[in-house]
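> heads up, no residue letters with this:
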C-alpha cells in the first residue's frame, strides 16, 4: 500500500492518533513492536496558531518512528490552513485531517466528527489544506453523524476529489461514540466503490490478530488502524505482525519482556514530564494493561498501583505483581 510516494508495504498496520496516549515514547515502542505507521496525538489548529507550548510539543517526530503523520482538527478554513502550514514546517511524512473525533468538546463545537453535519465545510477545509501544503493529505472520519446519515461511501469519493491521498474510516457513526460494534460491512462498501482509487484504511474493534486478518481477508481494506486495543497493550502489534507474516504468533513476548516495556513507558513518561505528572500520564495505560487481566483478588493491588505517585512505590508494586502475584496465579491456572 502506498500513500503518495510513501510505501507502507503489504497489509500495513497503523497506530491510531489518540489524545494523551500516542506521545512520542508510545509511538516509538509501537514502532519497534511492529506497527508500520504512527500518528501523533491530534493537534488543535486553534491552539497551534496561538503557539500554545503544550500543543507545539506534539509536533516533534523522531527519525526512528517514521513514517509518521501529524493529525490536526478544527472547524474553520483559515485556522486549518494556517495550522497545516505550521505542521508542514515540522516535516511529518503525512498531514491527516481529523473529521472523526466524537467527543463533545470537539464534535459539539463543529470540529472533528462535528463536520459530518456540514459536509460543504468539510470539503472546503480539505480542498484548502490540500492546496496550501506540499505534504500528502489524508482524512480520518466516521460512517456519518448518525444511523440515518451513513454517507461515507459518497463522502470518501468527494474527499478524493478534493485531493486527499488516503482515507481512514472508523466503522461507527458519531452518535455511537464507541458503543455497539464497528460496521465493517460499510467500510468494505467504501473500498468496493470502483470510482475510489485512494487507499482505504479500516478502523474499529481490531482487538486481536484474528480480527486484523479478517479485516484484510474478508473486508478487503488496504490498511488497518489499531487504537484503543493498543492502550496498555502495545505488544499487540508484535502478535499482529507475526500472525500476518506466519499465520500465527511464532515468538510470543515473555511476561518479562512485557514488564520491561511497561517499565520503559513509565520511565520515559517521567523523564519527559516529571515524576508526579509522568506517573499520572501513564495511569491510563496501567488501568487497562493486559498483563493484569483475570488476576483474582487483584482489586487492592490495582487501587494501590493507580494511586502510587512516586517511582519507588510504583516499582515496588510492579515488582510484587511480576515476581509474586502473577506467577502464583499462572501456577494455579496450570493446575486446573
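That came through fine. In this text, all values refer to a predicted model and were calculated from it rather than measured experimentally.
> count the residues that sit near the closest residue to residue 132 other than its chain neighbours.
Using Cβ to Cβ, 6 or more residues apart in numbering and skipping the chain neighbours, the partner closest in space to residue 132 is residue 81 (4.7 Å). For glycine as for every other residue, the C-beta is placed from the backbone atoms N, C-alpha and C. Using other Cβ atoms under 10 Å, residue 81 has 18 other residues around it.
> what of the one 5 residues further on?
The burial count assigned to residue 86 is 18, neighbours taken as other Cβ under 10 Å.
> follow-up on the earlier one: tell me how far the residue nearest to residue 132 lies from residue 125.
Separation of residue 81 from residue 125 (Cβ to Cβ, to the nearest Å): 8 Å.
> same question, residue 209
Computed with Cβ to Cβ, the distance linking residue 209 and residue 125 is 36 Å.
> the two: which is more packed in?
The neighbour comparison of residue 209 against residue 125 (other Cβ under 10 Å) goes to residue 125, with 27 against 21.
> ranges for the strands of the stretch 201-336 of the chain?
Secondary structure of the stretch 201-336 of the chain (DSSP state E, counting those that start in this stretch): strands at 223-226.
> contact partners for residue 320?
Neighbour list for residue 320: residue 301 [criterion: Cβ atoms under 8 Å, 6 or more residues apart in numbering].
> how about 10 Å then?
Neighbour list for residue 320: 301, 304, 305, 326 [criterion: Cβ atoms under 10 Å, 6 or more residues apart in numbering].
> neighbours of the third one, how many?
Residues lying near residue 305 (other Cβ under 10 Å) number 20.
> can you check the one 10 residues further on too?
The number of residues packed around residue 315, counting by other Cβ under 10 Å, is 14.
> got it, and residue 148?
9.
> my read: it touches residue 174, true?
No: at 12.0 Å, residue 148 does not count as touching residue 174 under the criterion of Cβ atoms under 10 Å.
> what are the buried residues along stretch 85-99?
85, 86, 87, 90, 92, 93, 94, 95, 96, 97, 98, 99 (16 or more other Cβ atoms under 10 Å).
> what's the most distant pair in these?
Among the buried residues of stretch 85-99, the pair separated by the greatest distance (Cβ to Cβ) is 90 and 99, at 20.9 Å.
> tell me the SS of residue 169?
strand (DSSP: H, G, I helix; E, B strand; the rest coil).
> I'd like the distance between it and residue 128.
22 Å.
> neighbour-wise, which of these two wins?
residue 169 (31 against 15).
> residue boundaries of the strands in the stretch 51-200 of the chain?
In the stretch 51-200 of the chain, the strands defined using DSSP E, counting those that start in this stretch lie at 68-73, 94-99, 137-142, 167-170, 200-203.
> quick one: the ones you listed as a markdown table, columns for distance to residue 15 and mean pLDDT too.
A markdown table is the format used below for these (distance: least, Cβ to Cβ, whole Å; pLDDT from 0 to 100):
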| stretch | distance to residue 15 | mean pLDDT |
| --- | --- | --- |
| strand 68-73 | 9 | 98 |
| strand 94-99 | 12 | 98 |
| strand 137-142 | 12 | 97 |
| strand 167-170 | 12 | 98 |
| strand 200-203 | 11 | 98 |
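> I'd like to know which of the ones you listed lies nearest to residue 157.
Per Cβ to Cβ, nearest to residue 157 of the strands of the stretch 51-200 of the chain: strand 167-170, 9.7 Å.
> given that closest one, what are its sheet partners and their directions?
Applying DSSP bridges, strand 167-170 is found paired with strand 137-142 (parallel), strand 200-203 (parallel).
> can you redo these as JSON lines with mean neighbour count and distance to residue 314?
Below are the strands paired with strand 167-170 laid out as JSON lines (neighbours: other Cβ atoms under 10 Å; distance: least, Cβ to Cβ, whole Å):
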{"stretch": "strand 137-142", "mean neighbour count": "26", "distance to residue 314": "34"}
{"stretch": "strand 200-203", "mean neighbour count": "26", "distance to residue 314": "32"}
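> for the protein, what's the longest helix?
In the chain, with assignment by DSSP state H, the single longest helix is helix 255-272.
> mind listing the helices for the stretch 201-336 of the chain?
209-217, 236-246, 255-272, 275-287, 299-307, 311-320, 326-335 (DSSP state H, counting those that start in this stretch).
> which stretch among those helices comes nearest residue 69?
Of all those, helix 236-246 comes closest under Cβ to Cβ, at 16.5 Å.
> quick one: list the elements packing against the longest helix of the chain.
helix 24-32, helix 236-246, helix 275-287, helix 311-320, helix 326-335 (3 or more Cβ pairs under 10 Å, 6 or more residues apart in numbering; DSSP states H and E).
> format those as JSON lines; extra columns: distance to residue 132 and mean pLDDT.
Formatted as JSON lines, these follow (distance: least, Cβ to Cβ, whole Å; pLDDT from 0 to 100):
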{"stretch": "helix 24-32", "distance to residue 132": "26", "mean pLDDT": "97"}
{"stretch": "helix 236-246", "distance to residue 132": "33", "mean pLDDT": "97"}
{"stretch": "helix 275-287", "distance to residue 132": "33", "mean pLDDT": "96"}
{"stretch": "helix 311-320", "distance to residue 132": "44", "mean pLDDT": "98"}
{"stretch": "helix 326-335", "distance to residue 132": "52", "mean pLDDT": "86"}
